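**Student:** structure for the following, please:
(chains A and B)
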Amino acid sequence: MASQFNWDKQVGLFEIYISSPAPITAILVGMSLGGILGTAPSAAMVALLGWVIFAPPIHPFWPAVVLVFSLTLASLYAMGMALSSLYLAYGREADSVNEALHEPVSLISGVYFPSVGAISPFPFAIQAAASLVPLTIGMDALRQSLGFPIKVPFIPLYIEALILALMALILLLASSRALRFLENKGRRTGSIAVRQR
Amino acid sequence: MSVLRSIVASVRVGWYREFNWTNPFLGFSMRTVGPLAGVIAASNVYFVGSSAAGSFSPSQLAFILIGAALYTHVAAYSWVPTLAIAEGKWTYVFPQVFISPHSSLPYLTGRTLASFFSSTLTVIVSLVLSFFVLSSVFNTSIPFVVTPLSVTLLFFAMLVNILAAFGLGLLLSAYALFATKFEWALPTYVAGLLMVFSEALFPVSFLPHPVSDIANVLPFTEFMRASRQAMIQGGDLYAYFSYIGLATLGGVILLGIGFLAFRYAENRARRLGVIDKKTA
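**Tutor:** Next up, the predicted model:
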């Protein structure tokens, strides 16, 4: 999501966005919803296949799974929208940083294994830093709602759901402000649609 | 000679692109972070799983460490020909390549070699760093063999694997010449399949038949096996050269198929006028 505007800028779509009467935030929210709809079926397919093939011993509480999954997606896309303003400011540099950070963020955010809580191999400082990424809280909440046998939860499930909702709200507001600021600045300096810095 | 000059020029272009047009040290550092994190992640998955099951084994950790590192190496450069075409169409670079005659293949070869050299460096650094990090974090001795001979054999295996990786890259490029949507994502899907079918993280014998039979003869699988024979204690030279022979044979076949497919696709794309086609 964060790199979307940079890519659109490179292929000449960004000029069309800013010349349309729609606010940039609305365009990003629309693209986020489209992204969620586009990726949800493949995610569901992977989960279903994994369930059939590996038969993990889980006891899901489905309302909590759906709620936590939706909140995680919302906060992640809100974070992407907030970071997209960085792309407007820094362009290719931001893209390189994004590429470099992709694997380390996956490593500490619990995509591959529980990265927070009692069975995490990371020290508490790294766990605390990783918790600032919505994906970390979301993955832990998903594991809890799916009924994985976690003896001592990192944070209780309902608090993680609240944190995710709060993160989504804060990041959405932050992205709206950052985008408006950079849009105005870009319009004033005439650099808003410049393709390569 | 002109072909060689074209390849050398393309290697230079590839390096600048690989390092994102920044200074080499910064570019190199940025490109090392990803493979290092990937190798540590794969090893951690094994550590968490095996510790829970009470069956942690340093030799299995070495197996995963080598496989994860070399997988990121192959995935980093085998997709470069496809990316060079997909990205080149959008940035108007690839149609320029076709202005000079017979330059597409040297261009793609140069870009691939540049990526091979840079990813070899980043993977070696990430392998060494992850070895020290994981040895201390897991408090274990990873049974690597680090001698001039074993390192030379590892480099030789990496060189041999260029044949298969470039062949695969050309096959995907043949498709990318015609595709206008998601051609940039195709290598990611293929790389995902390679993780399962190339013995990167687990033996292909775990897969059901006939999938395991197909995976068993892939040159990428033989490359992984040869590298492990060279770097992990207990390997022997006879097995190493057997695997290298199979990797070479498979690589030559894949390169031949890739070359023919690309030549056919290129001629057809010229006739149809779709070399610079960007939308359906």
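**Student:** which stretches of the stretch 1-150 of chain B form helices?
**Tutor:** B:2-18, B:24-53, B:58-77, B:80-90, B:93-97, B:104-137, B:148-176 (DSSP state H, counting those that start in this stretch).
**Student:** can you check chain A too?
**Tutor:** Counting by DSSP state H, one finds helices in chain A at the ranges A:4-10, A:14-19, A:24-54, A:62-90, A:92-108, A:124-130, A:134-145, A:157-189.
**Student:** just want the angle from the last one to helix A:134-145.
**Tutor:** What that stands for is helix A:157-189. 160 degrees (axes from the mean of the first three to the mean of the last three C-alpha atoms, to 10 degrees).
**Student:** now the angle from helix A:157-189 to helix A:24-54?
**Tutor:** Going by the same axes, to 10 degrees, helix A:157-189 makes 140 degrees with helix A:24-54.
**Student:** burial count for whichever residue of chain A sits closest to chain B?
**Tutor:** Closest to chain B within chain A is A:Glu103: 3.7 Å, counting by C-beta to the nearest C-beta. Using the backbone N, CA and C atoms, a C-beta is placed for each residue, glycine as well. A:Glu103: 18 surrounding residues under other C-beta atoms under 10 Å in any protein chain shown.
**Student:** measure the nearest residue to B:Pro24 once chain neighbours are set aside to B:Ser150 for me?
**Tutor:** Excluding its sequence neighbours, the residue lying closest to B:Pro24 (C-beta to C-beta, 6 or more residues apart in numbering or on different chains) is B:Trp15, at 7.9 Å. Computed as C-beta to C-beta, to the nearest Å, the B:Trp15 to B:Ser150 distance reads 28 Å.
**Student:** what's the answer for B:Asn216, then?
**Tutor:** Computed with C-beta to C-beta, the distance linking B:Asn216 and B:Ser150 is 25 Å.
**Student:** same question for A:Val65.
**Tutor:** According to C-beta to C-beta, A:Val65 and B:Ser150 sit 48 Å apart.
**Student:** low pLDDT regions in chain A?
**Tutor:** Within chain A, the stretches with pLDDT under 70 are A:1-2, A:91, A:149-153, A:193-197.
**Student:** most centrally placed residue in it?
**Tutor:** A:Leu76 (2.0 Å; C-alpha atoms, centre = their mean).
**Student:** apart from its neighbours in sequence, what residue is nearest that one?
**Tutor:** A:Pro134 (5.4 Å).
**Student:** just to revisit the earlier point, dump the helices of the stretch 1-150 of chain B to CSV, plus mean neighbour count and mean pLDDT.
**Tutor:** CSV is the format used below for these (neighbours: other C-beta atoms under 10 Å in any protein chain shown; pLDDT from 0 to 100):
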stretch, mean neighbour count, mean pLDDT
helix B:2-18, 16, 83
helix B:24-53, 19, 83
helix B:58-77, 22, 88
helix B:80-90, 24, 83
helix B:93-97, 16, 79
helix B:104-137, 20, 88
helix B:148-176, 21, 92
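**Student:** dump the residue contacts of A:Ser85.
**Tutor:** The contact partners of A:Ser85, by C-beta atoms under 8 Å, 6 or more residues apart in numbering or on different chains, come to A:175, A:178-179, A:181-182.
**Student:** which of those has the most neighbours?
**Tutor:** The most crowded member of these, judged by other C-beta under 10 Å, is A:Ser175 (25 neighbours).
**Student:** quick one: contacts for it?
**Tutor:** Applying C-beta under 8 Å, 6+ apart, we find A:Ser175 in contact with A:25, A:28, A:78, A:81-82, A:84-85.
**Student:** apply 10 Å and report the result again.
**Tutor:** Going by C-beta atoms under 10 Å, 6 or more residues apart in numbering or on different chains, A:Ser175 touches A:1-2, A:24-25, A:28-29, A:77-85.
**Student:** what do you get for B:Tyr238?
**Tutor:** Counted by C-beta under 10 Å, 6+ apart, B:Tyr238 has contacts B:Gln229.
**Student:** try the one 3 residues further on
**Tutor:** Counting by C-beta under 10 Å, 6+ apart, B:Phe241 touches B:153, B:156, B:226, B:229.
**Student:** give me the element it is part of.
**Tutor:** helix B:237-272 (DSSP states H and E).
**Student:** and the residue nearest to B:Tyr77 when sequence neighbours are not counted, how far is that from A:Asn6?
**Tutor:** Closest residue to B:Tyr77 apart from its sequence neighbours, by C-beta to C-beta, 6+ apart: B:Ser115 at 3.8 Å. B:Ser115 sits 22 Å away from A:Asn6, going by C-beta to C-beta.
**Student:** now do B:Lys181
**Tutor:** For B:Lys181, the distance to A:Asn6 equals 19 Å [C-beta to C-beta].
**Student:** so which bits of chain A are right by chain B?
**Tutor:** By C-beta under 10 Å from any C-beta of the partner chain, the part of chain A that sits against chain B consists of A:7, A:10-12, A:92-93, A:95-97, A:99-108, A:111-115, A:119-122, A:195-196.
**Student:** filter those down to the buried ones and hand me the ChimeraX line.
**Tutor:** With 16 or more other C-beta atoms under 10 Å in any protein chain shown as the burial test, the buried ones among the residues of chain A next to chain B are selected in ChimeraX as follows:
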select /A:10,92,95,96,97,100,103,104,105,106,107,108,112,113,114,115,120,121,122
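**Student:** burial check on the residue nearest to A:Leu76, number of neighbours?
**Tutor:** Around A:Pro134 there are 23 residues (other C-beta under 10 Å).
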